[in-house]
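Chemist: kindly return the folded structure for what I paste below:
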Amino acid sequence: MTPRGYREEELVCNRSSLLIHGGTEEERRSWAQEAARSFDVELVEVRQAADLPGALKQPNGVVFIPDVAKLGRDAQFALLRCLQMQEERPKVVVGLSGAADAALTRGTLREDLHYRLHQAQVDLQKDGLRDLLRQRWARQAEQLAAKLAVAKAAEEKARAAADARRPGTVTRIAPKRKVVSTVSRKAAPRNAVR
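Modeler: Below is the predicted model of the structure:
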């Protein structure tokens, strides 16, 4: 059996919008945050239908909808129109609590929106995926912490160097020692003019 659509790892770093379902809201948000980091943009979270049109107008970025079923069918239609018609749009991570098939059956997820995203879905209930994601996020957190520590050390070093050069800074300067040779002292009398 060949997998349909994109693999989960590909969806993190490509511009495809997707449906992520199952798992907790925090796991879905963490996945969207990872996608935003891969594009080096800020994550925009949409919880109310009124906020959706403004978020979709941004050509770059990642828009995260924690649970699309809570937005209602009209907002889902606006989202669908954006995905169909808007050439330059943000990456949209559409979250859904529970399984997508169950939401279709209940009528809380539009069939046309589900069809539009059927090639780009991440099911967090898939065996082993949640553990794989936790391990990947832990590695990324360690890498980010190490990167921040290096940047902070460099910043502190630069600040210390700038403080030392700032006018009015008191620095201790060792006095210059005069080296007097005994030969030159004896050769010239004290009152002699040079």
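
Chemist: can you point me to the longest helix in the chain?
Modeler: The longest helix of the chain (DSSP state H) is helix 129-165.

Chemist: and that one, average pLDDT?
Modeler: Confidence for helix 129-165, expressed as mean pLDDT, is 81.

Chemist: give the buried residues for that helix.
Modeler: For helix 129-165, burial by neighbour count (16 or more other CB atoms under 10 Å) applies to 129, 133. Quick note: C-beta positions are derived from backbone N, CA and C, even for glycine.

Chemist: same deal with stretch 21-38?
Modeler: Applying 16+ other CB under 10 Å to stretch 21-38 flags 21-23, 27-37 as buried.

Chemist: so which of those sit within strands?
Modeler: Among those, the ones falling in strands (DSSP state E) are residue 21.

Chemist: quick check: of the buried residues of stretch 21-38, which lies closest to residue 115?
Modeler: residue 21 (14.8 Å; CB to CB).

Chemist: for the closest one, name its beta-bridge partners.
Modeler: Following DSSP bridges, residue 21 is listed with bridge partners residue 96, residue 123.

Chemist: roughly how far does it sit from residue 28?
Modeler: Note on residue 21: its distance to residue 28, by CB to CB, to the nearest Å, is 8 Å.
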